[in-house]
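Colleague: sequence? don't have it. structure:
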Ligand code: 13P
């Protein structure tokens, strides 16, 4: 199946009261593990690519070519969107050119007037090309690829202004942060989420920083209009723990245990297990 825009799968998720996971990819193993799990569980999926990860994989064109070829070679039939995560203005255009099917323009660090002007322009371009566009209001805290936010909550009126520009998906800060949550994290601000939902109506909302949010909070967020949940760090931690275990148990020293196909196998399986666990919580299994 060809890459699809995230618009339709997220509208379906919003109506069906479940969420589609965006899992960030870093390399071939990541991509393969996520695609295979989505197919096995008959779930739609969004592959997220940060600008840093895109650069690491030698560029967005390489990423598109790899993902498209993998979908074909693995006979993936579930809907897959290839999505730029926290894109800069320039990065958005690069991904549009490279053949991504969805982009996020993170204009949250611009003054609202500039965020609006740039988002408006990208709305037109994406509509013409059939891509879905995610916008962000109120920066998401934590650090990701050098992008540091303050964890503020989005202003519901600003959310409405951006939603009214015609974006397809809206990410709004509600106390969520990227990476591990500190022990004293007070939790998601459901009052803010409700206020945003009441202003933005039908717009599918995105919850960034999916790593480590307790299941009950995830479920409540979905019931209040979240249709897309981003997970990155959790797959990295699962990969790291499994790889560490393999090496600490000395398995790389036995026979051909040094072969990268063996060395990376436990980590790849750990990514699959994590993606499965998240898809179960998000309710996207069987929804392809
Ligand atoms: P985590 O790394 O906290 O899972 O966040 C991922 C994310 O929001 C990507 O945009």
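Modeller: Received, thanks. From a predicted model like this one, the values you see are computed outputs, not experimental measurements.
Colleague: direction included, what does the longest strand seen in the chain pair against?
Modeller: The single longest strand within the chain, with elements called by DSSP state E, is strand 80-87. Within its sheet, and counting by DSSP bridges, strand 80-87 is paired with strand 45-50 (parallel), strand 102-105 (parallel).
Colleague: that strand close to the ligand?
Modeller: Yes - Strand 80-87 is in contact with the ligand by C-beta under 6 Å from any ligand atom, via 85-86. C-beta: built from backbone N, CA, C; applies to glycine.
Colleague: need phi/psi at the residue in the chain sticking out farthest from the centre.
Modeller: Centroid-distance maximum for the chain: residue 255 at 38.1 Å, with C-alpha atoms, centre = their mean. Reported as degrees, to the nearest 10, the phi and psi values for residue 255 are phi 50, psi -130.
Colleague: try residue 175
Modeller: For residue 175, the backbone dihedrals (degrees, to the nearest 10) come out as phi 90, psi 0.
Colleague: picking that back up, mind putting the strands paired with strand 80-87 into TSV with mean neighbour count, distance to residue 168 and mean pLDDT?
Modeller: TSV is the format used below for the strands paired with strand 80-87 (neighbours: other C-beta atoms under 10 Å; distance: least, C-beta to C-beta, whole Å; pLDDT from 0 to 100):
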stretch	mean neighbour count	distance to residue 168	mean pLDDT
strand 45-50	26	12	98
strand 102-105	28	8	98
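Colleague: so which of the ones you listed is nearest the ligand?
Modeller: In terms of C-beta to the nearest ligand atom, the element of the strands paired with strand 80-87 nearest to the ligand is strand 45-50, at 5.8 Å.
Colleague: next secondary structure after the closest one?
Modeller: Sequence-wise, the next helix or strand downstream of strand 45-50 (DSSP states H and E) is helix 51-56.
Colleague: helix or strand right after that next one?
Modeller: Downstream of helix 51-56, the first helix or strand assigned by DSSP H and E is helix 60-73.
Colleague: now residue 166: how far from the ligand?
Modeller: Note on residue 166: its distance to the ligand, by C-beta to the nearest ligand atom, to the nearest Å, is 22 Å.
Colleague: quick check: that residue touching residue 125?
Modeller: No - counting by C-beta atoms under 8 Å, residue 166 sits too far from residue 125 to count as a contact (11.5 Å).
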